[in-house]
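**Student:** Give the three-dimensional model of this entry:
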Amino acid sequence: MMNASVGETLDSILGGSLKVIQPRHGYRFSADAVLLADFARPKPGARVLELGAGCGVVAMILARLRKPREVVALELQPAMARRAERNRLLNGIDAMSVVCADLREKVIPGLAPQSFDWVVANPPYRAAARGHESPSLSRRLGRSEHAATAADFIHAAARYVRYGGRMAVVFAASRSAELIAQLHAHRLEPKRIRMVHPRAETRASTILVEARKGGGAEVVVEPPLILYREKSAYTEEARTILEPIS
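**Tutor:** All right, here's what the predicted structure looks like:
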């Protein structure tokens with residue numbers, strides 16, 4: 001089915017240039033997915049893998065904006081993978097393909113180790129059994145580590161990205177030390193870091209990291225991204241990135 005059905009919504013992003021079918025209830029993509037797609041910078045012609053693709057939002061944005069040769073969206077949940085494929089067809093994105101598999105598997109048909117120029121990922125932010133747990137299985141899998149952990153995501157990225165290739169990841173700022181330690185342990189050296197703050201006076205909520213496989217120790221810490229100014233209005237930069245979502 002090409003259009004949204006009962007229990008689904010049809011939403012627009014990128015100023016209406018992309019349509020996204022997603023569940024009305026359950027796991028829905030967040031602004032963090034769009035921030036990740038904006039932060040990642042694969043060159044035209046690159047081969048890109050998204051881990052934990054959900055309904056395919058990040059893969060579709062990258063395919064539309066960055067012009068890669070191929071984007072593979074890897075998703076664990078069959079229902080979400082089917083929805084990602086419907087979104088691919090709905091938007092006519094020939095460079096994108098969807099694979100339904102567990103990123104923790106040592107062998108996934110069609111995914112050769114060290115064959116991707118870029119890997120992007122939005123791992124679950126919460127450790128399992130911490131905080132309020134949603135009754136929705138898809139939300140639990142998407143937001144907390146009931147299946148793959150952040151370490152599993154990093155391990156998979158290191159497996160599939162080529163030497164000299166790059167990974168972009170968005171994660172909870174409160175777990176930054178854990179994330180960077182995992183990246184370093186898998187020879188994915190951070191090269192670019194940006195913290196995301198809800199407001200200028202608040203602590204960072206999110207961290208964006210670009211890491212290079214086999215890279216050196218130098219890292220660029222970019223100016224923070226502030227999402228909101230007074231009265232919950234986006235800052236100019238955040239508006240440029242996020243306001244095309246409707």
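
**Student:** Now do the longest strand belonging to the chain: everything it contacts.
**Tutor:** If you go by DSSP state E, the chain has its longest strand at strand 161-172. Under the contact criterion CB atoms under 8 Å, 6 or more residues apart in numbering, strand 161-172 has outside partners 32-33, 35-36, 39-42, 49, 114-123, 125-126, 150, 153-154, 157, 179, 183, 188, 191, 205-215. In short, each C-beta sits where N, CA and C put it, glycine included.

**Student:** going on from it, what's the next piece of helix or strand?
**Tutor:** Downstream of strand 161-172, the next assigned helix or strand under DSSP states H and E is helix 176-185.

**Student:** Just the buried residues of that following helix, please?
**Tutor:** For helix 176-185, a neighbour-count test (16 or more other CB atoms under 10 Å) marks 176, 179, 180, 182, 183 as buried.

**Student:** helices or strands up against it?
**Tutor:** Counting contacts by 3 or more CB pairs under 8 Å, 6 or more residues apart in numbering; DSSP states H and E, helix 176-185 packs against helix 150-160, strand 161-172, strand 188-197, strand 206-213.

**Student:** Direction included, what does the third one pair against?
**Tutor:** When pairs are called by DSSP bridges, strand 188-197 turns out to pair with strand 206-213 (antiparallel), strand 220-221 (parallel), strand 225-226 (parallel).

**Student:** Relative to residue 25, which of those is closest?
**Tutor:** strand 206-213 (24.1 Å; CB to CB).

**Student:** quick revisit: just the buried residues out of the contacts of strand 161-172, in ChimeraX syntax.
**Tutor:** A single ChimeraX command selects the buried members of those (16+ other CB under 10 Å):
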select :32,33,35,36,39,40,42,49,116,117,118,119,120,121,122,123,125,126,150,153,154,157,179,183,188,191,205,206,207,208,209,210,211,212,213,215
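
**Student:** can you tell me which of the helices and strands packed on helix 176-185 comes nearest to residue 60?
**Tutor:** For these, proximity to residue 60 was assessed by CB to CB; strand 161-172 is nearest, at 15.6 Å.

**Student:** and the angle for that closest one with strand 188-197?
**Tutor:** Interaxial angle of strand 161-172 relative to strand 188-197 (axes from the mean of the first three to the mean of the last three CA atoms, to 10 degrees): 20 degrees.

**Student:** tell me which residues in strand 161-172 are buried?
**Tutor:** By neighbour count on 16+ other CB under 10 Å, the buried set for strand 161-172 is 161, 162, 165, 166, 167, 168, 169, 170, 171, 172.

**Student:** Taking these, tell me the two that lie furthest apart.
**Tutor:** Farthest pair in the buried residues of strand 161-172 (CB to CB) is 162 and 172. Separation: 27.8 Å.

**Student:** Return, as residue ranges, the portions of this structure with sub-threshold pLDDT.
**Tutor:** Applying pLDDT under 70 to the chain flags residues 1-2, 128-146, 244-246.

**Student:** rerun at 80
**Tutor:** By pLDDT under 80, the low-scoring segments of the chain are 1-4, 127-147, 230-231, 243-246.

**Student:** Residue 41 against residue 66, yeah?
**Tutor:** Yes - checked against CB atoms under 8 Å, the pair residue 41 and residue 66 is within contact range at 7.3 Å.

**Student:** coming back round to it: quick one: which of the buried residues of strand 161-172 is nearest residue 22?
**Tutor:** residue 170 (18.2 Å).

**Student:** For residue 221, see how far away that closest one is.
**Tutor:** Separation of residue 170 from residue 221 (CB to CB, to the nearest Å) stands at 16 Å.

**Student:** Next SSE downstream of the longest helix seen in the chain?
**Tutor:** Identified as the longest helix of the chain according to DSSP state H is helix 78-91. Of the helices and strands lying after helix 78-91 in sequence (DSSP H and E), the nearest is strand 96-100.
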